[in-house]
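**Q** pasted the sequence and its predicted model underneath.
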Amino acid sequence: MREITPEIRQLAADMLETMYDAPGIGLAAPQVGVTKRLIVMDCIKEGDPEPMALVNPEILWSSEDVSAYEEGCLSIPDQYAEVKRPAEVQVRWLGLDGTVQERQFAGLWATCVQHEIDHLDGKLFIDYLGPLKRQMITRKMEKLKRERARA
Ligand code: K1U
Ligand code: ZN
């Protein structure tokens, strides 16, 4: 995506609505079947919402210190596992106003932005788990898929 079109702004608005409805704290375009490098996030749990839409986000720098968080994923319902990621990341992206933005994320924002950028690259939080835990979740998802196909 080189420029921000009305369609991109509409997609971002629709994704934020889907994310809040879920509810979730982030969502990436591939999760709604769109192969574009667009993510949305709002990691504010209490207080005024802070919706963000990031086009073509890229991680410029990652801290050496890591933080662990019990992650979930809207594409892997009801499964949670602790994932360790860099505690802080510097990210550059194109904003919906067409300007290049840069920000250092920390805390839950840092965890979430890394989780969402992973979605753009076809990676899921289960890819960070050991083989046993990962296989347990994969098998549960395969069972759920079979049950949903029968229903
Ligand atoms: O991208 C996704 O699948 C959304 C995912 C994002 C995420 C969660 C946890 C750590 C990193 C990234 C979710 O939002 S799962 C739901 C969730 O975490 C949540 C739901 C309601 C309230 C608070 C959190
Ligand atoms: Zn996810």
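**A** All right, it came through fine. Please read all numbers here as calculations on a predicted model, not as lab measurements. Residues are numbered from 1 along each chain as shown. Ligands and ions are numbered 1, 2, ... in the order given.
**Q** make it CA atoms for all contacts and neighbour counts henceforth
**A** Noted.
**Q** outside of stretch 50-66, which residues touch it?
**A** 1, 12, 16, 37-44, 84-96, 117 (C-alpha atoms under 8 Å, 6 or more residues apart in numbering).
**Q** narrow those to those that are buried.
**A** 12, 16, 37-43, 84-96, 117 (16 or more other C-alpha atoms under 10 Å).
**Q** of those, list those near ligand 1.
**A** Contacts with ligand 1 within these, counted by C-alpha under 6 Å from any ligand atom: none were found.
**Q** do you know the pLDDT at Lys45?
**A** Listed pLDDT for Lys45 reads 86.
**Q** mind checking the SS state of it?
**A** coil (DSSP: H, G, I helix; E, B strand; the rest coil).
**Q** burial check on it, number of neighbours?
**A** By other C-alpha atoms under 10 Å, the residues close to Lys45 number 9.
**Q** which phi and psi does it have?
**A** Recorded main-chain torsions at Lys45 are phi -90, psi -40, according to degrees, to the nearest 10.
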